[in-house]
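got a structure for you, letters missing:
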């Protein structure tokens, strides 16, 4: 969790649901979406997640409930960069006290939802549904789920840290945690009992208890990236590293420093060829087809048509069949391709492994040691660094890591008109439909469609 603290949460009366678990806050209208939204909240809290992880899980839950309209929902939680906020439908949210002053968000004008990371330190968070009343003077919600239509969190006040949350009786069965680490294996089959040697006669006739099966380790919580809005880091962007390019307009920024293969013919974004191949003509607008590599094994679930899926999604990515995670048992299987990155010149990169993007990626350490494949990208303005961006797959997630580039990497979440900087050297998970800007002028889009 973050150093922001939990503060004092005061509920607002009304006809909805208010929840505060482990410093994470949720307000939603009564209806079919309540169960999945509360499950997302409890999952995040039980796995040690912060506001960024909560926003991500709630976005996934909302995506599965929008066929009948967008429910009114607002969530917020502290993170290392400030406060992560997501609102949908007629819900509203406000954050006060940060360097931006009073920030107000509404879900009314969004096609799906609106989310943002509000830079801290914040002093007050307010989540509200239409018709919410005013808080009672002495009412407070240190933890749990109650009826109501909003909440006000005073982060300048102190409150006891809520105890670790376990799956409550009223909550649905916990889903596998949304984490880059492998999900825990469900006990689909009991393990065989250990063989035991005959025991000497004991004074008491009591029978020795059978050995208990080893419990699966809890999944580690990986780095969480807000899927839309500014990314969570308090540090400033790294400066020019030794041997790196200068920023655009910085004097030494050199289109002339680009490899001669660019030919000055404008922007080109393509996978790098094998050393010494010289096959430039075949590289443009083609899908990168690397040498076969071992397929990563991940925990997933099968739909009724035996398609292997991310256990966190509500519908099969292949046939669209509904997935009831409470009835499915995750197992470890080969991960299918997670989709493609579609570059602005039409080239596609198949997401079945990691990539390293830049002007001269072949000499990067990640490529030389086999961790990532090179994908060459150049631009006429010289804003792309030689070693600019890594695309890293973790479980079912697609993460971006800006490698301390001079001109940075930005993301435009789906449905958001704005681009946001991502912090250097920190993994940031992206949603399908996200547009990525590399340097100043190059872009690509993450598409997650796949076939069986």
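Arrived safely, thanks for sending. Worth saying up front: this structure is predicted, and the values here are computed from it rather than measured.

from residue 439, how far off is residue 376?
Here the criterion is CB to CB, to the nearest Å. By it, residue 376 lies 13 Å from residue 439. C-beta coordinates here come from the backbone N, C-alpha and C atoms, glycine included.

partner strands of the host helix or strand of residue 117, with direction?
Element membership of residue 117 [criterion: DSSP states H and E] is strand 113-119. Strand 113-119 pairs in its sheet with strand 82-88 (antiparallel), by DSSP bridges.

number of residues surrounding residue 101?
Here the neighbour count serves as a burial measure; for residue 101 (other CB atoms under 10 Å) it reads 8.

any idea how far residue 308 is from it?
Distance of residue 101 to residue 308, computed by CB to CB: 47 Å.

ok, now residue 321?
Using CB to CB, one obtains 12 Å as the distance from residue 321 to residue 308.

again with residue 423
Computed as CB to CB, the residue 423 to residue 308 distance reads 33 Å.

pLDDT weak spots in the stretch 351-452 of the chain?
By pLDDT under 70, the weakly predicted segments of the stretch 351-452 of the chain are 449-452.

at 90 instead, please
When the per-residue scores of the stretch 351-452 of the chain are filtered using pLDDT under 90, the ranges that remain are 380-382, 448-452.

the strands in it, which residues?
Using DSSP state E, counting those that start in this stretch, the strands of the stretch 351-452 of the chain run over 355-358, 373-378, 389-394, 397-402, 409-412, 420-421, 428-430, 435-438, 442-447.

dump those strands into CSV; add mean neighbour count and distance to residue 119 as well.
CSV is the format used below for those (neighbours: other CB atoms under 10 Å; distance: least, CB to CB, whole Å):
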stretch, mean neighbour count, distance to residue 119
strand 355-358, 27, 28
strand 373-378, 24, 30
strand 389-394, 22, 23
strand 397-402, 22, 18
strand 409-412, 23, 16
strand 420-421, 16, 12
strand 428-430, 24, 16
strand 435-438, 22, 21
strand 442-447, 20, 25
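
relative to residue 124, which of those strands is closest?
Evaluated over those, closeness to residue 124 peaks at strand 420-421, with 23.4 Å, by CB to CB.

does residue 40 lie in a helix or a strand, and which?
In the assignment (DSSP H and E), residue 40 maps to helix 34-46.

so what's residue 332 bridging to?
Under the criterion used (DSSP bridges), residue 332 bridges to residue 299.

settle it for me: which of residue 321 and residue 308 has more neighbours?
Taking neighbours as other CB under 10 Å, residue 321 and residue 308 compare with residue 308 leading, 19 against 13.

beta partners for that one?
In this entry, residue 308 is beta-bridged to residue 302, by DSSP bridges.

give me the distance between it and residue 400.
Separation of residue 308 from residue 400 (CB to CB): 25 Å.

direction included, what does the longest strand along the chain pair up with?
The strand that spans the most residues within the chain, counting by DSSP state E, is strand 8-21. Using DSSP bridges, the strands paired with strand 8-21 are strand 24-29 (antiparallel), strand 144-154 (antiparallel).
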